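*Asks:* I'll drop the sequence and a predicted model, then ask my questions.
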Amino acid sequence: MESVQYTQWETTEEFEMADTKRQWRPWEAGWWAKQLPGGRPAFPLYLLFSVTSFLWIILLSMLLAKVMDLSREMEHLDEQLEEMQLNGSMNSGRLEVLQVALSNLDEKHQILNTKAETVAEKLKNLQESQASLSTSLSQELAEAKEDRENIRSEMFRGLEAVKNGNGSSCQPCPSPWRDFQGSCYFFSKNKLTWSQARDDCVQKQAHLVIINNQDEQNFLTPTEKLGYWIGLRKVKEGVHKWIDGTTLGYTNWNPGEPNDSQGMENCVMMLHHGKWNDFTCEPSSDNWICEKRQIC
Ligand code: BGC
Ligand code: CA
């Protein structure tokens with residue numbers, strides 16, 4: 001049990017002095033000197049309350065600042081969104097324009113393609129008709145040449161007939177050349193390659209023999225077992241031409257020829273029985289026949 005002690009003041013002055021002294025002790029007089037029930041000081045509690053409140057205020061201020069920041073950021077994002085929407089609508093407008101331009105281009109492309117196809121078709125037709133024209137022209141030329149040769153032979157036969165009656169106006173072929181229907185023919189005794197044989201005929205002011213009809217072939221058909229180069233060669237795959245550039249009219253191929261054996265036979269020779277065979281131009285060597293016009 002706590003005992004309360006009282007002071008016995010002698011005089012009023014003494015009491016007042018003591019009272020004045022007591023007022024100079026603030027830690028005993030203010031609210032901070034208040035005590036909790038039980039006599040414990042209330043000051044630490046006040047202090048704790050104040051610090052906590054202060055911290056709360058700081059925390060709330062920070063939160064408030066953060067919220068304001070966020071709202072500002074939101075506003076900014078809103079603005080950006082609006083701007084992007086605007087840009088998006090502008091871009092979609094541009095996209096539409098581009099799509100229209102693209103579809104126009106597509107249309108033009110298709111039209112051009114169609115035109116190109118038509119032109120290619122026409123070109124193909126033109127090339128085909130040109131090819132058939134040149135084939136028929138060459139054929140006609142060859143036929144005309146053959147006709148001319150036949151007429152010439154006919155004329156020669158007529159002249160021969162006249163000669164037999166009245167004497168010939170044609171110069172005889174030089175020895176050992178043999179004459180037949182207005183031409184002189186040289187039969188070689190040795191063998192050369194096709195090119196060498198061609199050059200030899202040129203040197204003799206003649207050419208490798210060109211065979212225009214069966215009569216001429218019969219005249220040329222060898223009597224000995226010899227083969228002879230003739231003036232015929234391959235100019236492209238499947239096409240043979242005479243040495244004067246004319247296409248083939250009359251032919252006398254051996255059965256199965258020309259077979260371009262091993263893909264290397266570009267020149268033509270007459271076999272010993274008269275039939276023709278395509279053969280390697282080099283290094284094969286063979287006899288050859290030159291032909292030139294008889295001078296009449
Ligand atoms: C063939 C000819 C060919 C020759 C080549 C013969 O057996 O019938 O076509 O040109 O061989 O050596
Ligand atoms: Ca052959």
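*Replies:* Sure, I can see it. Ligands and ions are numbered 1, 2, ... in the order given.
*Asks:* Run through the stretch 1-150 of the chain and note the low-pLDDT ranges.
*Replies:* In the prediction, the stretch 1-150 of the chain carries residues with pLDDT under 70 at positions 1-29, 31.
*Asks:* In it, what residue comes closest to ligand 1?
*Replies:* residue 142 (24.2 Å; CB to the nearest ligand atom). Glycine gets a C-beta too; all of them are placed from N, C-alpha and C.
*Asks:* Thought residue 245 was touching that residue, still the case?
*Replies:* No - using CB atoms under 8 Å, residue 142 and residue 245 do not qualify as a contacting pair, with a distance of 10.1 Å.
*Asks:* between these two, who's got more neighbours?
*Replies:* residue 142 (18 against 9; other CB atoms under 10 Å).
*Asks:* just checking, next helix/strand downstream of the longest helix belonging to the chain?
*Replies:* Using DSSP state H to define each element, the chain has its longest helix at helix 43-166. Moving toward the C-terminus from helix 43-166, the next helix or strand (DSSP states H and E) is strand 178-180.
*Asks:* For that next one, which helices and strands make contact with it?
*Replies:* Counting contacts by 3 or more CB pairs under 8 Å, 6 or more residues apart in numbering; DSSP states H and E, strand 178-180 packs against strand 183-187.
*Asks:* The helix or strand just after the strand it packs on relative to strand 183-187, how many degrees between them?
*Replies:* Counting by DSSP H and E, the next helix or strand C-terminal to strand 183-187 is helix 194-203. Per axes from the mean of the first three to the mean of the last three CA atoms, to 10 degrees, the angle that helix 194-203 makes with strand 183-187 is 130 degrees.
*Asks:* quick one: whichever helix or strand comes after helix 194-203 to chain centroid distance?
*Replies:* With elements assigned by DSSP H and E, the helix or strand that comes after helix 194-203 is strand 207-208. From the chain centre to the centre of strand 207-208 is a distance of 47 Å (CA atoms, centre = their mean, to the nearest Å).
*Asks:* Does anything pack onto strand 207-208? Which helices or strands?
*Replies:* In this structure, strand 207-208 makes packing contacts with helix 194-203, strand 228-236, strand 287-293, judged by 3+ CB pairs under 8 Å, 6+ apart.
*Asks:* Can you tell me which residues in the chain are near ligand 2?
*Replies:* 257, 259, 261, 265, 277, 278 (CB under 5 Å from the ion).
*Asks:* OK, contacts around residue 143?
*Replies:* residue 249 (CB atoms under 8 Å, 6 or more residues apart in numbering).
*Asks:* From residue 136, how far off is it?
*Replies:* 10 Å (CB to CB, to the nearest Å).
*Asks:* Not counting its neighbours along the chain, what's nearest whichever residue of the chain sits closest to ligand 1?
*Replies:* As assessed by CB to the nearest ligand atom, ligand 1 sits closest to residue 261 within the chain, at 4.2 Å. Counting by CB to CB, 6 or more residues apart in numbering, residue 261 lies nearest to residue 278, which is 7.7 Å off, once chain neighbours are set aside.
*Asks:* got a list of contacts for the helix or strand containing that neighbour?
*Replies:* Assigned by DSSP H and E, residue 278 belongs to strand 276-279. By CB under 8 Å, 6+ apart, the residues outside strand 276-279 that reach it are 227, 230, 232, 234, 240, 251-254, 257-261, 265-271, 286.
*Asks:* Any chance of the helices and strands packed on strand 207-208 in a markdown table with mean pLDDT and mean neighbour count as columns?
*Replies:* What follows is the helices and strands packed on strand 207-208, written out as a markdown table (pLDDT from 0 to 100; neighbours: other CB atoms under 10 Å):
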| stretch | mean pLDDT | mean neighbour count |
| --- | --- | --- |
| helix 194-203 | 98 | 18 |
| strand 228-236 | 98 | 20 |
| strand 287-293 | 98 | 21 |
